[in-house]
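1. no FASTA, just this:
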Ligand SMILES: *Cc1c(COP(=O)(O)O)cnc(C)c1O
């Protein structure tokens, strides 16, 4: 498989180069030359395959010959060494729990897959040492820190907005040490993301540092998020009903991966882009006009994104055909008070504790099911409620037990370096190689 830049001004590259580069030299996002179709027989016989076998078939055409198949099989099964339970809430609504990985958010899947691909590429003689520069609104940082911790040949530098991530998230990205460094930015998430983008186009690092991204910009992170849509389809197929996934979205990597799965032939009928008041995509779906705004803080802070980076890929998947896209995807946005109400109502009807992101997904699903009651609905529970303990406990008037993964990390000491602006970031990066 070859990848081209969505800015159309860079040469086509292999999976290896696309993963190592992160962004194309013309600053465009990489996009596969084609979306492969999986054979009918794969879907007909999916019940005979285990999770890792299913995921391998889904990703293999995108990797091509960049990784030998026996190694890719190991990478996939190592990535998926935790469960993806589908928990019924009502007759036709289930929660897909994506938070059973080491940092208790769905980003563990993409981060683990990408880290293992890069570790393999690093083992090749042609590889050069890589510094991963990543901006986080909360969960990316922890998942990337955990996924890449102690991986040889890779340094990780994480930028996060001071005071705008939860205490658990902060511990998850500041306590690793070794090859992981956290920079605490005096600003909001968009400031962090802007600094990372500026660093990627700054020629002064050339020859000194090989910078790459581990946001869902990176195809290894983006595409591996297909895995759980395939795995979940296997569980739902027997019911022979149309399937709809509601995806609580920020940068839209997760939803975009689901769309790729659909275009590969996975029988999913519809997707719902569920957002908080940072509603650039739902507004676009309503009006046809793309009008990104500066992000505003909400209780579902991992989705506080004003300008979703994967939007351009979603457009491309449908050849920029607005009507085609609208047939496959609906969008809804919800306020914090609606989100809290949903958390309460989910708890009342089924004793189920959702986090604010999952609750936004649930709300979007409810909107759609009102008009389409024949569908089987799944909302993605993208983070464990403990990661947003304060808001969950206050809203539901309960006390959450603390899982072991979290207990041990809370005891560790935070180590971060405060920075103000891009000049600080640059000084930091250059200082490390001088
Ligand atoms: C990152 C994140 C999201 C948003 O995912 P995107 O792929 O950026 O749309 C939603 N919920 C949680 C908990 C997250 O960490």
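-> Sure, I can see it. Computed from a predicted structure; not experimentally measured.
2. From the ligand, how far off is the nearest residue to residue 177 once chain neighbours are set aside?
-> In this structure, residue 177 finds its nearest non-sequential neighbour in residue 415, 6.5 Å apart by C-beta to C-beta, 6 or more residues apart in numbering. Placement of C-beta: from N, CA and C, glycine included. Separation of residue 415 from the ligand (C-beta to the nearest ligand atom, to the nearest Å) stands at 22 Å.
3. show me what contacts residue 415?
-> The contact partners of residue 415, taken as C-beta atoms under 8 Å, 6 or more residues apart in numbering, are 174-175, 177, 182.
4. Show me what the strand or helix carrying residue 62 is packed against.
-> Residue 62 belongs to helix 51-63 when assigned by DSSP states H and E. Where contact means 3 or more C-beta pairs under 8 Å, 6 or more residues apart in numbering; DSSP states H and E, helix 51-63 is packed against helix 69-79, helix 219-224, helix 227-236.
5. Pick the most deeply packed of these.
-> Ranked by mean neighbour count, the helices and strands packed on helix 51-63 are led by helix 219-224 with a mean of 27 (mean count of other C-beta atoms under 10 Å).
6. What residues sit buried inside stretch 365-380?
-> Across stretch 365-380, burial judged by 16 or more other C-beta atoms under 10 Å covers 365-369, 375-380.
7. Once you drop chain neighbours, what's closest to residue 342?
-> Spatially, and ignoring its direct neighbours in sequence, residue 342 is nearest to residue 359 (4.3 Å; C-beta to C-beta, 6+ apart).
8. so which helix or strand takes in that neighbour?
-> Using DSSP H and E, residue 359 maps to helix 356-371.
9. same thing with residue 16?
-> Residue 16 belongs to helix 15-21 when assigned by DSSP H and E.
10. Tell me which residues are up against that helix.
-> For helix 15-21, the external contacting residues (C-beta under 8 Å, 6+ apart) are 1, 3, 13, 24, 30, 62-64, 66-67, 114, 117-118, 121, 127, 130, 210, 212, 218-220.
11. In its sheet, which strands sit next to the next helix or strand after that helix, and in what direction?
-> Sequence-wise, the next helix or strand downstream of helix 15-21 (DSSP H and E) is strand 30-32. Paired neighbours of strand 30-32 in the sheet (DSSP bridges): strand 3-5 (antiparallel).
12. which bits of the stretch 1-150 of the chain sit near the ligand?
-> 105, 107, 138-139 (C-beta under 6 Å from any ligand atom).
13. give me that answer again for 5 Å
-> Applying C-beta under 5 Å from any ligand atom, one finds that the stretch 1-150 of the chain approaches the ligand through 105, 139.
14. For the stretch 1-150 of the chain, which residue gets nearest to the ligand?
-> residue 139 (3.0 Å; C-beta to the nearest ligand atom).
15. and that residue, how many neighbours does it have?
-> Per other C-beta atoms under 10 Å, the neighbour tally for residue 139 reads 28.
16. Skipping adjacent residues, who's closest to it in space?
-> residue 105 (4.0 Å).
17. In the beta-sheet assignment, what are the partners of that neighbour?
-> residue 383.
18. so which of the helices and strands packed on helix 51-63 gets nearest residue 305?
-> Comparing the helices and strands packed on helix 51-63 by their distance to residue 305 (C-beta to C-beta), the top pick is helix 219-224, with 15.0 Å.
19. one step back: packing partners of the helix holding residue 359?
-> Packing partners of helix 356-371 (3+ C-beta pairs under 8 Å, 6+ apart): strand 93-97, strand 243-248, strand 270-275, strand 329-333, helix 336-350, strand 376-381.
20. Could you export the helices and strands packed on helix 51-63 as TSV, including distance to residue 197?
-> Listed next are the helices and strands packed on helix 51-63 as TSV, based on distance: least, C-beta to C-beta, whole Å:
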stretch	distance to residue 197
helix 69-79	27
helix 219-224	17
helix 227-236	28
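21. Next, count neighbours for residue 48.
-> Counted by other C-beta under 10 Å, the residues lying close to residue 48 total 9.
22. try the one 4 residues further on
-> A total of 19 residues lie near residue 52 under the criterion other C-beta under 10 Å.
23. go on, residue 147?
-> When neighbours are counted by other C-beta under 10 Å, residue 147 registers 28.
24. shift numbering so it begins at 32
-> OK, 32 is where the count begins now, so the last one is residue 178.
25. how about it, what does it touch?
-> Per C-beta under 8 Å, 6+ apart, neighbours of residue 178: 139, 142-143, 145-146.
26. if we go to 6 Å?
-> By C-beta atoms under 6 Å, 6 or more residues apart in numbering, the contact list for residue 178 reads 142-143, 146.
27. again with residue 255
-> Applying C-beta under 6 Å, 6+ apart to residue 255 gives the contacts 140-141, 144.
28. same deal with residue 391?
-> Residue 391 makes contacts with 279, 305, 307, 331, 365, 370, as judged by C-beta under 6 Å, 6+ apart.
29. for the stretch 182-331 of the chain, what spans make up the strands?
-> Here the stretch 182-331 of the chain has its strands, by DSSP state E, counting those that start in this stretch, at 185-192, 211-216, 242-243, 274-279, 301-306.
30. shouldn't the residue nearest to residue 373 be in contact with residue 375?
-> No. Residue 390 is beyond contact range of residue 375, at 9.1 Å (criterion: C-beta atoms under 6 Å).
31. ok so, going back, just the ones in helices from the contacts of residue 178, please.
-> Among those, DSSP state H puts 142-143, 146 in helices.
32. Excluding chain neighbours, what is closest to residue 326?
-> Closest residue in space to residue 326, ignoring its immediate chain neighbours: residue 337 at 3.8 Å, by C-beta to C-beta, 6+ apart.
33. Kindly provide the distance from that neighbour to the ligand.
-> Distance of residue 337 to the ligand, given as C-beta to the nearest ligand atom: 12 Å.
34. what kind of secondary structure is that residue in?
-> Assigned with DSSP: H, G, I helix; E, B strand; the rest coil, residue 337 falls in the coil class.
35. That one: neighbouring residues, count only.
-> For residue 337, the count of nearby residues is 17 (other C-beta under 10 Å).
36. Wait, it touches residue 328, no?
-> No. The criterion here is C-beta under 6 Å, and residue 337 misses it with residue 328 at 11.2 Å.
37. Show me the shaky parts of the stretch 82-231 of the chain.
-> Within the stretch 82-231 of the chain, the stretches with pLDDT under 70 are 156-159.
38. One more pass at 90, please.
-> Within the stretch 82-231 of the chain, the ranges that satisfy pLDDT under 90 run 153-161, 168-171, 182-184, 195-199, 219-221, 224-225, 228, 231.
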